[in-house]
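>>> coords below, sequence missing:
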């Protein structure tokens, strides 16, 4: 059986991943396709002139609260322009403009704004992203929170990655975030090391594409403030066929996660998930959920 799998290979022109994507394959394996505690619906439709409409909805199984969002995204690939508008059930209005490779090769400019009319709460972020061989760097300013400057950069060579991330509160003149990450990216596996929370939290992870049917990975996290406890989580993904796969994960606290995803037909995907506390199996502590995604 031959199943197409997203393989963590180096990007074109030797451009490394963004700082937030170091270790992404492991995080996706352990967290993605596990809909928990809610029933979710996502509907995507596309027009001939490059407009994508998205409707998102989620009902919390515990409270019964329903949250939803409506998005309209216009993509002009020829000019490298993407314009997105959104409206949530919390009455938050959002607008985003992206210019990718428009002003210069490898340069992306991003401006995002949101407004809550009922309270007059507003937010505005302006950012730039630049990538070339062996380098991926980003920076953005959050104008109404601080204002705050956020920046990160990743350098790479022969599969080895090194990156850093900082956040600086301009009004208070102080550093509010400092993170480091290192990794190695190969065709069949990736490894990553993270030092975050001002070097108070450390994490190590790996992802392995065992064969065309099986993926495996694990992550260990340790925080200085805890009693030397290390949180370890291991997971796997198995393709049943071209349209379905199952996932399972378990950690050293006894939490067992199970997931099943099936492409029912072209444009219709169903995901079922559950998180079970094996140390309190007969108590009402478990979480179940489902997600239905429709595309046309």
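Looks like it arrived, so ask away. Bear in mind the structure is a predicted one, so any value in this text is a computation, not a measurement. Numbers count the residues shown, from 1 in each chain.
>>> those strands in the stretch 1-150 of the chain, which residues are they?
For the stretch 1-150 of the chain, the strands defined by DSSP state E, counting those that start in this stretch cover 38-46, 51-60, 66-76, 81-88, 93-100, 107-116, 121-132, 135-142, 148-157.
>>> These: which one's closest to residue 211?
strand 148-157 (26.5 Å; CB to CB). Any C-beta I mention is one placed from the backbone N, CA and C, and that applies to glycine too.
>>> Now the element after the closest one, going C-ward?
strand 160-169 (DSSP states H and E).
>>> Report all helices and strands that that following strand contacts.
Under the contact criterion of 3 or more CB pairs under 8 Å, 6 or more residues apart in numbering; DSSP states H and E, strand 160-169 touches strand 148-157, strand 174-185.
>>> Show me which of the ones you listed has the highest average neighbour count.
Among these, ranked by average contacts under mean count of other CB atoms under 10 Å, first place goes to strand 148-157 (a mean of 18).
>>> Run through who's touching stretch 255-264.
Identification of contacts with stretch 255-264 by CB atoms under 8 Å, 6 or more residues apart in numbering yields 33-36, 235, 242-250, 269-278.
>>> In strands, which of these appear?
Those of those mapping onto strands are 235, 244-250, 269-277, per DSSP state E.
>>> Buried ones only from the residues you listed, please, as a ChimeraX command.
With 16 or more other CB atoms under 10 Å as the criterion, this ChimeraX line picks the buried residues out of those:
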select :235,245,246,247,249,250,269,270,271,272,273,274,275,276
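>>> among the helices and strands packed on strand 160-169, which is nearest residue 26?
Going by CB to CB, the one of these nearest residue 26 is strand 174-185, 10.1 Å.
>>> Run the angle between the closest one and strand 160-169 for me.
Computed by axes from the mean of the first three to the mean of the last three CA atoms, to 10 degrees, the angle separating strand 174-185 from strand 160-169 equals 170 degrees.
>>> if you average pLDDT over strand 174-185, what comes out?
Averaging pLDDT along strand 174-185 yields 94.
>>> Please apply the same query to stretch 274-281.
90.
>>> what's it in contact with?
So stretch 274-281 is in contact with 34, 36-37, 250, 253-259, 283, 285-289, going by CB under 8 Å, 6+ apart.
>>> Can you say which of the residues you listed are buried?
Among the contacts of stretch 274-281, those scoring as buried are 34, 36-37, 250, 255, 257-259, 286-289 (criterion: 16+ other CB under 10 Å).
>>> is it possible to export those to a markdown table including pLDDT and distance to residue 51?
Formatted as a markdown table, the buried ones among the contacts of stretch 274-281 follow (pLDDT from 0 to 100; distance: CB to CB, whole Å):
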| residue | pLDDT | distance to residue 51 |
| --- | --- | --- |
| 34 | 94 | 31 |
| 36 | 91 | 32 |
| 37 | 90 | 32 |
| 250 | 97 | 43 |
| 255 | 94 | 41 |
| 257 | 96 | 36 |
| 258 | 97 | 37 |
| 259 | 96 | 32 |
| 286 | 88 | 41 |
| 287 | 92 | 36 |
| 288 | 94 | 35 |
| 289 | 95 | 30 |
